[in-house]
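>>> below is the structure, and that's it, no one-letter string:
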Ligand SMILES: NC(=O)c1ccc[n+]([C@@H]2O[C@H](COP(=O)([O-])OP(=O)(O)OC[C@H]3O[C@@H](n4cnc5c(N)ncnc54)[C@H](O)[C@@H]3O)[C@@H](O)[C@H]2O)c1
Ligand SMILES: CC(C)CCC[C@@H](C)[C@H]1CC[C@H]2[C@@H]3[C@H](O)C=C4C[C@@H](O)CC[C@]4(C)[C@H]3CC[C@]12C
């Protein structure tokens with residue numbers, strides 16, 4: 001029987017435990033020492049400075065921090081660790097949760113924290129590891145603190161991923177920046193020493209000028225200028241995480257942090273891929289090329305991104321001096337292709353065809369349509385949410401080469417992709433087929 005247990009906070013019952021079951025950045029103009037570079041420390045146009053908004057965690061924590069002193073090396077239970085995954089029911093989060101259960105031998109308890117808990121968590125009840133599902137909101141400092149208390153490692157993957165204008169810029173900032181600040185403060189106050197943050201390639205680019213980032217790595221110089229709320233928020237949050245590295249946590253030991261930057265993630269559970277598939281089915285099996293095939297877009301398989309998180313979290317203690325404060329692009333053997341050609345690797349075997357060796361519409365017309373969509377979104381906002389895939393930002397991302405080529409994660413913590421390109425492709429195709437047939 002799942003144990004129902006609620007965490008009281010601020011007089012209200014909010015974070016809800018619903019089941020208990022078995023680079024240092026060195027950036028142009030920003031300058032921190034060491035390896036790490038192509039960074040989100042670029043300009044974020046129109047957003048508050050980082051230290052303008054402090055979370056209320058200290059006040060809401062009370063004596064929590066004094067009771068709990070997790071330390072991986074010193075603990076008598078060094079072999080059995082408590083992990084917390086925020087956003088553990090999202091696309092990436094679910095893969096991280098499953099990967100930890102499969103591949104982390106020292107896992108003693110896994111806490112899955114999310115605003116919306118997935119029903120699939122129930123199936124994890126039967127395993128040997130205690131899985132604790134916590135319904136909570138990262139913007140609520142006391143809920144985060146309650147979840148973090150006693151954890152040895154936090155993998156912070158919760159985020160509001162919105163490049164389509166569904167959420168307001170303020171909400172995106174609140175979840176991605178303030179939520180991350182709450183996680184950091186919770187670690188400091190409760191004595192949790194190891195924090196892995198899921199950042200994004202978008203803290204680097206593509207920038208608003210459309211400069212290509214061609215097979216770049218963490219040290220590639222690139223002018224990062226953010227205007228859109230999502231990349232802005234990810235860049236600010238990443239900076240918070242990296243700057244928190246070395247802070248003294250409760251118990252006197254230093255916090256060790258790192259940030260992983262996936263490019264466009266694909267794989268089982270990828271909703272945009274499923275949307276393209278359904279759109280193709282609606283159009284009689286055809287998709288129409290919009291972006292030149294020569295524009296390369298970085299993609300990485302979700303299983304490998306999850307594996308990278310698990311490895312980074314595992315190695316943070318042993319390699320703290322090397323990994324602390326570092327950024328790592330997520331990479332694997334997925335081929336360099338345009339966004340649409342890459343999608344066709346999966347959608348093709350599912351029966352769709354991409355029409356046109358070249359874009360069927362002139363680029364200026366796409367720019368016009370994207371601007372029109374943005375205008376319609378703004379006009380209709382009081383009445384209805386109009387959030388199509390095409391807008392000026394998504395067009396710019398899709399139409400700008402952004403690919404990474406690096407081995408930093410391999411050098412720093414021994415990462416090798418767990419899934420070959422062939423495996424990643426097959427798994428994704430099977431998922432698209434299943435997702436498509438369940439939609440019909
Ligand atoms: N999908 C990609 O291509 C991609 C690429 C690079 C980086 N990322 C990053 O990876 C992370 C996960 O992205 P995803 O694609 O799995 O997105 P997702 O939306 O599938 O997952 C995010 C999860 O966070 C949870 N969440 C959102 N707001 C929350 C809140 N206030 N409190 C608690 N939980 C909350 C959601 O419920 C969801 O389960 C994000 O931080 C995102 O920025 C994603
Ligand atoms: C112009 C149209 C034909 C195609 C529109 C495609 C567009 C919706 C796609 C293209 C690139 C996609 C982004 C890219 O893969 C990387 C990320 C980083 C991640 O942090 C969040 C998701 C995001 C922004 C993808 C969103 C969808 C995009 C813009």
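Done, it's in. Quick caveat, the model's predicted, so the values are computed rather than measured. Ligands and ions are numbered 1, 2, ... in the order given.
>>> could you list the contact residues of this protein toward ligand 1?
87, 89-93, 114-116, 137-139, 157-161, 175, 179, 198, 200, 234, 262, 264-265 (CB under 6 Å from any ligand atom). (C-beta placed from N, C-alpha, C; glycine too.)
>>> sort out which of these are in helices and list them.
91-93, 179, 234 (DSSP state H).
>>> show the buried residues in the residues you listed.
91-93, 179, 234 (16 or more other CB atoms under 10 Å).
>>> rewinding a little: how about the ones in helices among the residues of the chain next to ligand 1 in CSV, adding pLDDT?
Listed next are those as CSV, based on pLDDT from 0 to 100:
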residue, pLDDT
91, 98
92, 98
93, 98
179, 98
234, 97
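>>> hmm, which two among those are most spread apart?
Pairwise distances across these (CB to CB) peak at 17.2 Å, for the pair 91 and 179.
>>> what's the neighbour count on residue 383?
7 (other CB atoms under 10 Å).
>>> ok, it - contacts?
Residue 383 makes contact with no residue under the criterion CB atoms under 8 Å, 6 or more residues apart in numbering.
>>> would you say it is within a strand?
No: Residue 383: not assigned to a strand; according to DSSP: H, G, I helix; E, B strand; the rest coil it is coil.
>>> I'd like to know how far it sits from residue 167.
The gap separating residue 383 from residue 167 is 17 Å, by CB to CB, to the nearest Å.
>>> just residue 109 next, same as before
From residue 109 to residue 167 the distance is 32 Å (CB to CB).
>>> thinking again about what came up before, which of the residues of the chain next to ligand 1 count as buried?
By the neighbour-count criterion of 16+ other CB under 10 Å, these include these buried positions: 87, 89-93, 114-115, 137-139, 157-161, 175, 179, 198, 200, 234, 262, 264-265.
>>> so residue 342 sits against residue 297, correct?
Yes: between residue 342 and residue 297 a contact is recorded at 6.5 Å, counting by CB atoms under 8 Å.
>>> who does the residue in the stretch 201-350 of the chain that ligand 2 sits nearest to bridge with?
Closest residue of the stretch 201-350 of the chain to ligand 2, CB to the nearest ligand atom: residue 264 (2.4 Å). Judged by DSSP bridges, the bridge partners of residue 264 are residue 299.
>>> quick one on the thing from earlier: okay, the buried ones among the ones in helices among the residues of the chain next to ligand 1 in a markdown table with distance to ligand 2 next?
Shown next, in a markdown table, are those (distance: CB to the nearest ligand atom, whole Å):
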| residue | distance to ligand 2 |
| --- | --- |
| 91 | 10 |
| 92 | 10 |
| 93 | 14 |
| 179 | 15 |
| 234 | 7 |
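>>> what is the nearest of those to residue 407?
residue 92 (21.9 Å).
>>> which ones are touching the closest one?
Contact analysis of residue 92 by CB under 8 Å, 6+ apart lists 157, 198, 262, 265, 302, 305-306.
>>> and the residues you listed, which of them are in strands?
Among these, the ones falling in strands (DSSP state E) are 198, 265.
>>> can you add pLDDT and give the contacts of residue 92 back as TSV?
Converted to TSV, the contacts of residue 92 look like this (pLDDT from 0 to 100):
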residue	pLDDT
157	98
198	98
262	98
265	98
302	98
305	98
306	98
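>>> as JSON lines, the contacts of residue 92 with distance to residue 367 would be great.
Compiled in JSON lines, those are given as follows (distance: CB to CB, whole Å):
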{"residue": "157", "distance to residue 367": "33"}
{"residue": "198", "distance to residue 367": "31"}
{"residue": "262", "distance to residue 367": "27"}
{"residue": "265", "distance to residue 367": "27"}
{"residue": "302", "distance to residue 367": "31"}
{"residue": "305", "distance to residue 367": "31"}
{"residue": "306", "distance to residue 367": "36"}
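>>> which residues in the stretch 51-200 of the chain form strands?
81-86, 107-114, 130-135, 153-156, 194-198 (DSSP state E, counting those that start in this stretch).
>>> let me know which of those strands is the nearest to residue 347.
strand 194-198 (26.1 Å).
>>> quick one: is that closest one near ligand 2?
No: under the criterion of CB under 6 Å from any ligand atom, strand 194-198 makes no contact with ligand 2; the nearest approach is 8.8 Å.
>>> got the angle for that strand vs strand 81-86?
30 degrees (axes from the mean of the first three to the mean of the last three CA atoms, to 10 degrees).
>>> may I have the strands that pair with strand 194-198, each with its orientation?
For strand 194-198, pairing defined by DSSP bridges yields strand 153-156 (parallel), strand 256-261 (parallel).
>>> TSV for the ones you listed, including mean pLDDT, distance to residue 314 and mean neighbour count?
Shown next, in TSV, are these (pLDDT from 0 to 100; distance: least, CB to CB, whole Å; neighbours: other CB atoms under 10 Å):
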stretch	mean pLDDT	distance to residue 314	mean neighbour count
strand 153-156	98	8	29
strand 256-261	98	12	28
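>>> so which of these gets nearest residue 247?
Using CB to CB, the strands paired with strand 194-198 put strand 256-261 closest to residue 247, at 8.7 Å.
>>> does residue 416 touch residue 333 like I think?
No: using CB under 8 Å, residue 416 is not in contact with residue 333, being 10.0 Å away.
>>> and the residue of the stretch 51-200 of the chain that's closest to ligand 2?
residue 200 (3.4 Å).
>>> now do the contacts for the one residue in the stretch 101-250 of the chain that gets nearest to ligand 1.
Residue of the stretch 101-250 of the chain nearest ligand 1, by CB to the nearest ligand atom: residue 159 (2.7 Å). By CB under 8 Å, 6+ apart, the contact set of residue 159 is 87, 90, 175-176, 179, 198, 234, 237.
>>> just these now: which is nearest residue 204?
The closest of those, once distances to residue 204 are taken by CB to CB, is residue 234, at 9.9 Å.
>>> now do the contacts for the closest one.
Listed by CB under 8 Å, 6+ apart, the contact set of residue 234 reads 40, 159, 176, 199-200, 202-203.
>>> one step back: which one among the ones in helices among the residues of the chain next to ligand 1 gets closest to residue 251?
residue 179 (24.1 Å).
>>> my read: that closest one touches residue 158, true?
Yes: taking contacts as CB under 8 Å, residue 179 lies within contact range of residue 158: 6.3 Å.
>>> between those two, what contacts are shared?
86, 138.
>>> burial check on the residue lying closest to residue 202 once chain neighbours are set aside, number of neighbours?
Spatially, and ignoring its direct neighbours in sequence, residue 202 is nearest to residue 231 (3.9 Å; CB to CB, 6 or more residues apart in numbering). Residues near residue 231, counting by other CB under 10 Å, number 29.
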